[in-house]
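1. this is the structure alone, sequence omitted:
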C-alpha cells in the first residue's frame, strides 16, 4: 500500500482508486509463492549437494536462489494483506521487515545476475586470462558476501521509511513511505534505483554486447565443445534479458515516474492516481524474478537438467513399483481370506 490520501496543504484530499490490487496482487503473489518456493528450494538443494565441486557461476546461482527463497517465504503475509483490502494486522516491525525483504531480494537478484554475467563474459571473452585461472571459488564466495553487505546497506533505509498507518479506520502497511515523507524519500528512492538497478543494468548491457560480438565472429568457435559453449552463452543472454524485461525494467521505470509525480505539490490528484496505478501494476511482476531465476538455472545447466530428469524418473519408477506391490499384496490377502 502506498498512499490513498495526501496530507499536502495544496491537495488536502486525494483518494486513490486501488481496488485492482485486491485481485491482481493476491493472484500474482500466490502464483509466485506456489511456483517459486519449490523451484528455489530444489535449486538450493541440488547445488548444496555438490557444494565441494561448485563452479563460480553456480556459487552465484546458489546465493541468487537463497535470496529468492527468503523473499517467497514472506509472500503469504502480503497475500493476506492485499486480499483483506490492505488491512495489516501484523505490526510495525513486520511491516518494515516485509518491505525490506522485497527490496533486498529485488536488488540482490540484480547484483547476483550481474555477477553471473561477469563470470560468463570472462569465460567467453577472456578464457585464457591468467587472472581468471587464479580466481578460485574462495573469491566467488567473497564476492557473494560483499553483495549481501551491499544489499543490506542499500536497503537498510527501508526500515526507516516503511511504516504502518491508519486509513479508513484500518491499519495499512505503506510500501515506500508515509505520505507526509514523500519529499524525504525521493532522494533515497532515486539513489536506490540508480545504484541498485541502473548501474548493474548498464554493466550487463555492455558485457552482453561484447559477448555477442565475440560469439558472432566467424571462426571464433570450432568443435562440438566450443559450439555447446556458444549455445550456452546465448541461452544465458536470452534469459537474463527476459528477466530484466519482465521483472526489473518496467518496475523501475514506473517507480521513477511515480516518485517524481508524488513529490510535485501542484500535481493534480488524477495524474497522481494514474501514475500510482501504473507503478503498482508492475510491482507484483517484479517478484516474478523469483520464478524466472530458477528457470535460468535449469535452462543453462545441461548436467543439472539430466540429473533432475533422472531423479524424477527414479521417483516415478519407485512410486509405480510401490503401487504394484500394494496391489499384489491386496490380491494375496484377498486370496488368503
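-> In hand now; what should we look at? Note that the structure is predicted; figures quoted are calculated from it, not measured. Residues are numbered from 1 along each chain as shown.
2. give the contact list for the residue nearest the centre of the chain.
-> The chain has residue 289 as the residue nearest its centroid, 3.7 Å off, counting by C-alpha atoms, centre = their mean. Residue 289 is in contact with 68, 106, 109, 243, 246-248, counting by C-beta atoms under 8 Å, 6 or more residues apart in numbering. (Each C-beta comes from the backbone N, C-alpha and C, glycine too.)
3. show me what stretch 25-42 is in contact with.
-> Under the contact criterion C-beta under 8 Å, 6+ apart, stretch 25-42 has outside partners 65-66, 68-69, 72-73, 75-76, 78-79, 82-83, 283-285, 287-288, 290-291, 293-295, 308.
4. out of the residues you listed, which end up buried?
-> Using 16 or more other C-beta atoms under 10 Å as the burial test, the contacts of stretch 25-42 include 65-66, 68-69, 72, 75, 78-79, 82-83, 283-285, 287-288, 290-291, 293-294 as buried.
5. ok so residue 34 is a helix residue?
-> Yes. Applying DSSP: H, G, I helix; E, B strand; the rest coil, one finds residue 34 inside a helix.
6. measure residue 47 to residue 92 for me?
-> Relative to residue 92, residue 47 is positioned 36 Å away (C-beta to C-beta, to the nearest Å).
7. the more surrounded of these two?
-> Legend: neighbour count by other C-beta atoms under 10 Å for residue 47 and residue 92, higher for residue 47 (21 against 14).
8. quick check: closest non-adjacent residue to that one.
-> In space, and not counting its chain neighbours, residue 47 is closest to residue 62: 4.4 Å by C-beta to C-beta, 6 or more residues apart in numbering.
9. got it, and residue 108?
-> Once flanking residues are discounted, residue 108 sits nearest to residue 67: 4.1 Å by C-beta to C-beta, 6+ apart.
10. surely the one you found touches residue 106?
-> No. At 9.1 Å, residue 67 does not count as touching residue 106 under the criterion of C-beta atoms under 8 Å.
11. spit out the residues that contact those two alike.
-> Common neighbours of residue 67 and residue 106, counting by C-beta under 8 Å, 6+ apart, are absent.
12. low-confidence ranges, the stretch 1-150 of the chain, go.
-> For the stretch 1-150 of the chain, residues meeting the criterion pLDDT under 70 lie at 1-18, 127-135.
13. quick one: the helices in it?
-> For the stretch 1-150 of the chain, applying DSSP state H, counting those that start in this stretch gives helices covering 21-49, 56-72, 75-83, 92-125, 130-134, 137-155.
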